[in-house]
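Participant: Starting from these lines, generate the structure:
(2 chains)
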Number of protein chains: 2
Amino acid sequence: MRIGILGTGVVGKTLGSKLAKLGHDVRMGSRKAGGDQAKAWVKEAGSKSSEGTFADAAAHGEMVFNCTSGMGSLEALNAAGARNLEGKVLVDVANPLDFSKGMPPTLSVCNTDSLGEQIQRAFPTAKVVKTLNTVTAAAMVEPSIIPGVHTMFVSGNDAKAKAEVVNFLKTGFGWKEVMDLGDISCARAQEMHLALWVRLYMKLQTPNVNVHVAR
Amino acid sequence: MRIGILGTGVVGKTLGSKLAKLGHDVRMGSRKAGGDQAKAWVKEAGSKSSEGTFADAAAHGEMVFNCTSGMGSLEALNAAGARNLEGKVLVDVANPLDFSKGMPPTLSVCNTDSLGEQIQRAFPTAKVVKTLNTVTAAAMVEPSIIPGVHTMFVSGNDAKAKAEVVNFLKTGFGWKEVMDLGDISCARAQEMHLALWVRLYMKLQTPNVNVHVAR
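Facilitator: All right, here's what the predicted structure looks like:
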């Protein structure tokens, strides 16, 4: 599948490399084409991979991953362009974390709204699926680095889009337990989970931490 | 030990009954003494138990549990009186959930502050320990109703107070995994977890749900 990755940070590179390894045709996008990070990634990720602007990557992808930092996601997605996202599955991995006052970060939106919902409202024809934002980048594509069974959450308004993403999570990335929480308003719960995740990270001194839903 | 329970709802009654069963001398407090709920509880909980006003219960307790609904906790604690809480371990079980706009509820305070911190600021000599707010009342005192290993979080500024509460949780209530997150500002994470908890409750159609920290 042709996949667009928005963002050339650790999350974008980790997801991009895994998807390329799985045989997908991945284009990574950033503010400007030809940046050092993106070019180095293309060299590493192999012959099918490419890079360009946010708009290049979004236009390329049949499925698009938002891996930009949450505070800048709406701006990046606007640069990607509504037409390039129209009707597509848009996997939102970002967290609206505000580090401007140090650790722990706060959320720039929460409780009565979420970044996932803001993105869905801004791009109403895109099929936004919120997922993967509750674990560190390395665990997203290799959940077994965290021992035991643990849970990945998914939310979104479009059942078919969620099923497609869940298939990627299970078959492609190796997630054993994926839980569909409901519509995109559940992104509030997924993003607010970062408050606990960051405390666990600080307490346990490792990013390799997740939760398992016991019931 | 003499224990004061503030609040005669399901949480107060469940904790009060369990603590009475464990041999503690429990007094339950509410806005007015002699209410039907409190009197029925005393009858059921046995000879050592008693009831009265918030102030009666707080004065009675060597340890005090705040089991009032979060939106009214500060008012209830003010009625209990700062002098009756002075120097005592104050276990804060409440969640600042606002149900005024229906399900799911929102939090009346979160992200940059928490109810636990508000209580600690309002009663600076009390040793506030936030815990138990992340599970349903029945599971607080009988965690095994939720299958498997799962985690109870604790936070607070006073290490000795936390150790005392952790001992109650483990020895008294049967919690196998208790995690001390840090100081009382971690109450933000514990209270914000309700956003996810409520979604899990809605999705799974059971309140018998908790998370286990995998790492």
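
Participant: who does the lowest-mean-pLDDT helix or strand in chain A touch, helix- and strand-wise?
Facilitator: For chain A, scoring each helix and strand by mean pLDDT, DSSP states H and E identifies helix A:36-45 as the least confident one, at a mean of 94. Secondary-structure packing of helix A:36-45 (3 or more Cβ pairs under 8 Å, 6 or more residues apart in numbering or on different chains; DSSP states H and E): helix A:10-21, strand A:25-30, strand A:50-53. The way it works is simple: take the backbone N, C-alpha and C, and place the C-beta from them, glycine included.

Participant: Next, the angle strand A:25-30 makes with that helix.
Facilitator: Calculated by axes from the mean of the first three to the mean of the last three Cα atoms, to 10 degrees, helix A:36-45 forms an angle of 170 degrees with strand A:25-30.

Participant: is it possible to export the helices and strands packed on helix A:36-45 to a markdown table including mean pLDDT and distance to chain B?
Facilitator: Rendered in a markdown table, the data for the helices and strands packed on helix A:36-45 read as follows (pLDDT from 0 to 100; distance: least, Cβ to the nearest Cβ, whole Å):
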| stretch | mean pLDDT | distance to chain B |
| --- | --- | --- |
| helix A:10-21 | 97 | 19 |
| strand A:25-30 | 98 | 29 |
| strand A:50-53 | 98 | 33 |
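
Participant: For those, state which one has the densest average packing.
Facilitator: With neighbours taken as mean count of other Cβ atoms under 10 Å in any protein chain shown, the helices and strands packed on helix A:36-45 reach their highest mean count in strand A:25-30, at a mean of 27.

Participant: Name the residues that touch it?
Facilitator: In this structure, residues lying in contact with strand A:25-30 by Cβ atoms under 8 Å, 6 or more residues apart in numbering or on different chains are A:1-8, A:12-13, A:16, A:19-20, A:37-38, A:41-42, A:45, A:48-58, A:60-61, A:80.

Participant: What is the distance between it and the centre of its chain?
Facilitator: 14 Å (Cα atoms, centre = their mean, to the nearest Å).

Participant: from the contacts of strand A:25-30, which would you call buried?
Facilitator: Burial by neighbour count, 16 or more other Cβ atoms under 10 Å in any protein chain shown: within the contacts of strand A:25-30 this picks out A:3-8, A:12-13, A:16, A:19-20, A:38, A:41-42, A:45, A:49-58, A:60-61, A:80.

Participant: Quick one: residues contacting residue A:60.
Facilitator: A:2-4, A:25, A:27, A:50, A:52.

Participant: and if we set it to 10 Å?
Facilitator: Residue A:60 sits next to A:2-5, A:25-29, A:50, A:52, A:84 when contact means Cβ atoms under 10 Å, 6 or more residues apart in numbering or on different chains.

Participant: which residue sits closest to it, ignoring its sequence neighbours?
Facilitator: Leaving out its chain neighbours, the residue that sits closest to residue A:60 by Cβ to Cβ, 6 or more residues apart in numbering or on different chains is residue A:27, at 4.0 Å.

Participant: Across the sheet, point out what pairs with that neighbour.
Facilitator: With DSSP bridges as the criterion, the beta-bridge partners of residue A:27 are residue A:4, residue A:50.
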